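Q: fold the following for me, if possible:
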Amino acid sequence: MSWPTFRDGASQAVGRQLSNPSGVGGRLVGRIMGIANRLPVRALIQALEIRNEHRVLDVGCGDGSALAAIPHAAWRCGVDRSETMLAVARRRLRGPIDQRQAELLLGDMMKLPFEAGSFDRFIAANTLYFCEDVPVFIDGCRRVALPGALLGIYVTSAASMARWRFAGPATHRHFTREQLEFELDQAKVDLRARSIRPLWLPGAIEGLIAIARLD
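A: Below is the predicted model:
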């Protein structure tokens, strides 16, 4: 096997672990991403203006760090397709779960397992890379949203993602600001009900934060 072939295969293996972490490798990748996500998750939570009375759903909750960062919320729930990451999140949120202030579920972001009128705020940080149909995902959030609910999205920009072999198009969707605007248009999110802004991170990494009202 040539070095370029090995390198590309290894990069795709890491990309698959980022998509759905499993086993020892998944726990390691999850730990690294938990550190890398601290600043964008903090910025996204701030942009969502989460209040004491809000019921919050973290879609693709990973290690549970975003939910742990909002202890004041009335109810916190996370959904992830990785049992490996949910095990980490359960340990992190053991207290709130035992006190019935939080819940974690194994599930599919395209088929949210909740009733209508369940949540005020939705967090989708670094999840759209693995979303097959963004408008369908947003419609699913609408279905379970309370009046005035907000969806917060964070993605690293396509220009920054292009520098990382492990996040290539074989495993990750890439988004420019224009592509994110297009997806929101397709989901029928009114221009007056949304905003997109850049978030600059260490290493000249550009992120994008989108806030969309789900009415």
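
Q: what is the subsequent helix or strand relative to the longest strand that the chain contains?
A: The longest strand of the chain (DSSP state E) is strand 145-156. Next in sequence after strand 145-156, counting helices and strands by DSSP states H and E, comes helix 158-161.

Q: could you name the helices and strands sitting against that following helix?
A: strand 205-213 (3 or more Cβ pairs under 8 Å, 6 or more residues apart in numbering; DSSP states H and E). C-beta: built from backbone N, CA, C; applies to glycine.

Q: contacts for the strand it packs on, please.
A: Applying Cβ atoms under 8 Å, 6 or more residues apart in numbering, the contact partners of strand 205-213 are 40, 43-44, 47-48, 138, 148-157, 159-160, 175, 177, 180, 184, 187, 189-190, 193-201.

Q: mind redoing it with 7 Å?
A: The contact list for strand 205-213 (Cβ atoms under 7 Å, 6 or more residues apart in numbering) reads 40, 43-44, 47-48, 150-157, 159-160, 175, 177, 180, 184, 189, 193-201.

Q: equivalent analysis for stretch 97-110, please.
A: Here stretch 97-110 makes contact (Cβ under 7 Å, 6+ apart) with 59-61, 67, 75-79, 81, 83, 86, 89-90, 93, 96, 113, 127, 131-132, 136-137, 140.

Q: report the buried members of the contacts of strand 205-213.
A: Buried by 16 or more other Cβ atoms under 10 Å: 40, 43-44, 47-48, 150-157, 160, 175, 177, 180, 184, 189, 194, 199, 201, out of the contacts of strand 205-213.

Q: my read: Ala68 touches Leu93, true?
A: Yes - contact criterion Cβ atoms under 7 Å: Ala68 and Leu93 qualify, at 6.2 Å.

Q: quick revisit: among the contacts of stretch 97-110, which lie within strands?
A: Val59, Trp75, Arg76, Cys77, Gly78, Val79.

Q: isn't the third one right up against Ala68?
A: In other words, Arg76. No - in terms of Cβ under 7 Å, Arg76 does not count as a neighbour of Ala68; the distance is 8.6 Å.

Q: among these two, which residue is more densely surrounded?
A: The neighbour comparison of Arg76 against Ala68 (other Cβ atoms under 10 Å) goes to Arg76, with 29 against 16.

Q: hey, what's the more buried one bridged with?
A: With DSSP bridges as the criterion, Arg76 is bridged to Val56, Ala102.

Q: tell me where this structure is predicted with low confidence.
A: Residue ranges of the chain with pLDDT under 70: 1-22, 24-32, 34.

Q: just the helices in it please.
A: Taking DSSP state H as the criterion, the chain carries its helices at 3-19, 23-36, 38-48, 65-68, 83-92, 94-98, 134-143, 158-161, 177-186.

Q: hmm, Val155 is touching His174, no?
A: No - if you go by Cβ under 7 Å, Val155 and His174 don't touch, sitting 8.5 Å apart.

Q: for stretch 153-165, measure first residue to last.
A: 23 Å (Cα to Cα, to the nearest Å).
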